[in-house]
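*Asks:* Sequence and predicted structure are below.
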Amino acid sequence: MKFVTLVLLLSVGLLNCPVSAQTLTSSNLPILLINTNGQTIPDEPKIVASLQIIDNGIGKRNTVTDKPAFSSKIGIEMRGATSQQFFPKKPYGFELRDTTGLNSINASILGMPSESDWVLNATYNDKTLIRETLTYDLNRQLSKYYTPRYRYCEVILNGSYNGIYILFEKIKRDKNRIDVANIKKTDLSGDALTGGYIFKIDKTEGSVSRTWNSPYKSSGKIIPIQIDRPKIEDLAEEQFQYAKNFVTDFENTLAGPKYQDSTAGYRKYINDDSFVDYLLLTEVCKNVDGYRLSSFFYKDKDSKGGKLVMGPIWDYNLTYGNANYCNGNSYQDWSYNFNRVCPDDGYQIPFWWDRLLTDRRFANNVRIKYQALRKTVLKTERIQAYVDSVATVLTEARTRNFQRWPVIGVYVWPNGYVGQTYQQEIDYLKTWVKNRLEWMDNAIIPFGAEILATEPTDPFKLTVSPNPSGGDVIVQYQLQQRANVSLTITDATGRAVYSLAWPNQSAGEHQELLPARSLPSTLGIYYLQLDANGKPVSRKIMRF
């Protein structure tokens with residue numbers, strides 16, 4: 001019975017084996033010492049504590065008795081949703097404060113630009129400790145847009161060793177972070193009203209952000225859109241309405257019949273290069289939360305561009321096969337197919353991505369950029385070498401970390417693989433990356449060509465309208481001569497979901513009504529094929 005109890009405790013991560021502070025005497029990583037003076041760190045509000053950072057520079061040892069390179073009062077709280085609620089190793093957010101502990105201050109720490117707000121990522125259910133940093137490293141090289149900076153460190157909390165953490169810049173408006181205009185509550189008209197805003201699509205439980213629901217549901221689920229910045233107390237009603245209307249206008253245009261138009265289409269609202277980058281990164285790592293959670297985008301004021309920029313990226317622990325639900329551990333299939341794979345999940349992907357990929361120019365940009373990156377940033381050998389190099393740097397620290405948090409060989413939700421050694425976890429990650437990129441090599445060529453190749457000769461002049469549609473659809477076509485005509489609609493997996501046949505159709509123009517009750521009710525991309533005497537022509541159609 002004791003053995004069974006022990007196994008159960010290990011399996012849910014409840015059995016902690018603390019390592020004393022004396023175990024960590026020195027490290028090749030920076031050391032953060034946090035002292036709350038006996039206070040428990042809550043979810044909120046922040047409590048006042050003290051922070052010392054031991055950092056003697058790159059390549060030098062750091063000893064707990066060394067003179068701190070940085071000291072400050074901080075306000076600290078727990079952060080995160082699942083990780084805070086279910087994992088014993090807690091993530092934290094902290095704000096640098098002055099000597100009174102009341103007022104925030106900006107300062108540079110661990111070589112990162114000066115700011116007040118920082119995040120300590122606990123990296124608990126990723127046994128490699130590398131998935132987050134690998135993803136940020138890739139994004140920094142493939143995208144010109146801001147990627148949060150980070151540093152590995154070891155943390156001693158109230159005298160007890162707490163393991164390896166990743167210190168991240170918190171996503172917020174700043175000239176060295178998201179460099180958009182600082183909108184004031186009194187900016188109610190003109191150019192000043194138009195930016196900057198930071199939005200996110202994420203869980204709303206516990207959120208204090210101002211939120212509205214997109215007019216476009218996915219799989220019957222509401223898509224809430226939040227304004228992350230300005231904070232709710234700093235956001236005027238006029239600003240909320242402006243931001244909401246701008247995003248809604250983008251959605252309406254994207255869903256409309258002229259969405260591909262170079263001047264009147266969706267490009268007047270978004271920086272499509274940033275959307276290409278976000279899609280590529282999400283697909284390379286196959287983020288099971290991609291597009292639908294922790295998804296940020298922002299808008300500067302019109303005089304500084306004024307378009308929606310996708311990003312910054314955030315929260316990538318459930319990537320590279322580290323999720324055992326909704327096909328998250330498989331290196332095959334596309335992340336943007338989540339709604340079709342898991343239509344019952346409460347958090348669905350906005351229709352944006354399916355719709356964007358029906359635009360030949362957008363999808364072609366995805367394919368071309370991916371194929372170019374495969375020769376440089378996304379070379380399998382380069383990524384695997386990065387993984388090995390970081391694993392080497394973490395050798396001594398991760399030994400201590402896994403003594404403190406003994407999760408190697410133990411399932412921690414939602415692991416898609418459980419290695420019996422750290423090296424097995426590393427090997428799984430490297431093999432998964434290799435398989436994923438090779439799958440994408442083969443999948444993205446027909447994926448891109450199918451969507452983007454020059455429109456094939458269409459003797460039938462086939463049109464489908466409206467497209468996208470949530471209701472009835474009208475199919476129009478022409479026949480040069482009498483023919484046996486069939487129509488088939490398939491989903492993304494090739495499964496037929498609707499079919500009709502008109503034998504011995506006469507030459508001339510034809511119009512057929514496809515009633516909504518007979519068509520797919522689930523949002524997504526489908527393929528309509530018209531066949532006349534063995535000559536097929538097809539169209540992509542979208543349901544919402």
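*Replies:* Cool, the structure landed.
*Asks:* Do me a favour and average the pLDDT over stretch 239-250.
*Replies:* Stretch 239-250 carries an average pLDDT of 98.
*Asks:* in it, what's buried?
*Replies:* 239-240, 242-244, 246-247, 250 (16 or more other CB atoms under 10 Å). (Each C-beta comes from the backbone N, C-alpha and C, glycine too.)
*Asks:* Return the subset of these lying in helices.
*Replies:* 239-240, 242-244, 246-247, 250 (DSSP state H).
*Asks:* circling back: same list as before, the buried residues of stretch 239-250 that is, but in CSV and with distance to residue 233 included.
*Replies:* What follows is those, written out as CSV (distance: CB to CB, whole Å):
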residue, distance to residue 233
239, 12
240, 12
242, 18
243, 16
244, 18
246, 22
247, 21
250, 26
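*Asks:* can you give me the helices in the chain?
*Replies:* 2-11, 82-86, 131-142, 190-193, 237-255, 272-285, 338-341, 352-356, 360-373, 380-393, 395-404, 422-452.
*Asks:* Going by mean pLDDT, which of these comes out lowest?
*Replies:* helix 2-11 (a mean of 31).
*Asks:* Kindly state the pLDDT recorded for the closest residue to residue 37 other than its chain neighbours?
*Replies:* Spatial nearest neighbour of residue 37, excluding adjacent residues (CB to CB, 6 or more residues apart in numbering): residue 49 at 7.0 Å. If you check residue 49, the pLDDT there is 98.
*Asks:* Next: residue 465.
*Replies:* Per the predicted model, pLDDT is 87 at residue 465.
*Asks:* so what's the residue nearest to residue 37 bridging to?
*Replies:* Bridge pairing for residue 49 (DSSP bridges) gives the partners residue 74.
*Asks:* mind checking how far the closest residue to residue 316 other than its chain neighbours is from residue 505?
*Replies:* Spatial nearest neighbour of residue 316, chain neighbours left out: residue 135 (4.1 Å); criterion: CB to CB, 6+ apart. Separation of residue 135 from residue 505 (CB to CB, to the nearest Å): 53 Å.
*Asks:* With neighbour numbers in mind, choose between those two.
*Replies:* residue 135 (23 against 17; other CB atoms under 10 Å).
*Asks:* out of everything not next to it in sequence, what's closest to the spatially most central residue of the chain?
*Replies:* Centroid-nearest residue in the chain, with CA atoms, centre = their mean: residue 290, separated by 3.7 Å. Ranked by CB to CB, 6+ apart and with sequence neighbours excluded, the top spatial neighbour of residue 290 is residue 282, at 3.7 Å.
*Asks:* show me what contacts the one you found?
*Replies:* 290-291, 335-336 (CB atoms under 8 Å, 6 or more residues apart in numbering).
*Asks:* So the residue nearest to residue 37 sits against residue 36, correct?
*Replies:* Yes - here residue 49 reaches residue 36: they are 4.3 Å apart, a contact under CB atoms under 8 Å.
*Asks:* which neighbours do those two share?
*Replies:* In contact with both residue 49 and residue 36: residue 76, using CB under 8 Å, 6+ apart.
*Asks:* Which one of those two is surrounded by more residues?
*Replies:* Taking neighbours as other CB under 10 Å, residue 49 and residue 36 compare with residue 49 leading, 22 against 15.
*Asks:* for residue 443, what are its contacts?
*Replies:* Residue 443 neighbours (CB under 8 Å, 6+ apart): residue 334.
*Asks:* returning to what we had before: with residue 414 as the reference, measure out to the residue nearest to residue 316.
*Replies:* Taking CB to CB, one finds residue 135 at 17 Å from residue 414.
*Asks:* now residue 320
*Replies:* Residue 320 is 13 Å from residue 414, by CB to CB.
*Asks:* out of these two, which sits in the busier spot?
*Replies:* Neighbour count, other CB under 10 Å: between residue 320 and residue 414, residue 320 has more, with 30 against 16.
*Asks:* I'd assumed residue 30 was in contact with residue 110.
*Replies:* Yes - Residue 110 lies in contact with residue 30 (CB under 8 Å); the separation is 5.7 Å.
*Asks:* got any residues that touch both of the two?
*Replies:* Common neighbours of residue 110 and residue 30 (CB under 8 Å, 6+ apart) are 53, 55, 151, 153, 167.
*Asks:* who touches the closest residue to residue 247 other than its chain neighbours in this structure?
*Replies:* Distances taken as CB to CB, 6+ apart place residue 225 nearest to residue 247, at 6.2 Å, with adjacent residues excluded. Counting by CB under 8 Å, 6+ apart, residue 225 touches 199-201, 211-214, 244, 247.
*Asks:* mind showing which ranges of the stretch 1-150 of the chain have poor pLDDT?
*Replies:* By pLDDT under 70, the weakly predicted segments of the stretch 1-150 of the chain are 1-22.
*Asks:* Contacts only, for residue 214.
*Replies:* Contacts of residue 214 by CB under 8 Å, 6+ apart are 222-225, 248, 251, 350.
*Asks:* rerun at 10 Å
*Replies:* By CB atoms under 10 Å, 6 or more residues apart in numbering, the contact list for residue 214 reads 201, 222-225, 244, 247-248, 251, 350-352.
*Asks:* quick one, phi/psi of it?
*Replies:* Per-residue torsions, residue 214: phi -60, psi 140 (degrees, to the nearest 10).
*Asks:* what about residue 91, neighbour count?
*Replies:* So residue 91, with other CB under 10 Å, has 19 neighbours.
*Asks:* Could you do residue 516 as well?
*Replies:* Around residue 516 there are 14 residues (other CB under 10 Å).
*Asks:* Enumerate every residue touching it.
*Replies:* Contacts of residue 516 (CB under 10 Å, 6+ apart): 469-473, 543.
*Asks:* again, but for residue 208
*Replies:* 44, 226, 231-233 are the contacts of residue 208 under CB under 10 Å, 6+ apart.
*Asks:* now with 6 Å?
*Replies:* By CB atoms under 6 Å, 6 or more residues apart in numbering, the residues touching residue 208 are residue 232.
*Asks:* That one and residue 104, how far apart?
*Replies:* 17 Å.
*Asks:* cool, residue 250 as well?
*Replies:* Residue 250 is 34 Å from residue 104, by CB to CB.
*Asks:* same question, residue 228
*Replies:* Residue 228 is 18 Å from residue 104, by CB to CB.
*Asks:* Can you give me the buried ones in stretch 249-266?
*Replies:* 250-251, 253-256, 259-260, 265-266.
*Asks:* What is the most widely separated pair among the residues you listed?
*Replies:* 251 and 260 (15.3 Å; CB to CB).
*Asks:* that older thread, neighbour-wise, which of residue 110 and residue 30 wins?
*Replies:* Using other CB under 10 Å, the more surrounded residue of residue 110 and residue 30 is residue 30, with 23 against 17.
*Asks:* my guess is that one contacts residue 56, does it?
*Replies:* No - under the criterion of CB atoms under 6 Å, residue 30 makes no contact with residue 56, lying 8.7 Å away.
*Asks:* just the strands in the stretch 51-200 of the chain please.
*Replies:* Ranges of strands within the stretch 51-200 of the chain are 62-63, 70-78, 92-97, 107-109, 112-115, 117-121, 150-157, 160-169, 197-201, based on DSSP state E, counting those that start in this stretch.
*Asks:* Oh, that last question was meant for the stretch 201-350 of the chain, not what I typed.
*Replies:* Going by DSSP E, counting those that start in this stretch, the stretch 201-350 of the chain shows strands at 210-213, 224-229, 295-299, 308-310.
*Asks:* hang on, the earlier thing: of the ones in helices among the buried residues of stretch 239-250, which pair is most distant in space?
*Replies:* 239 and 250, at 17.0 Å, using CB to CB across those.
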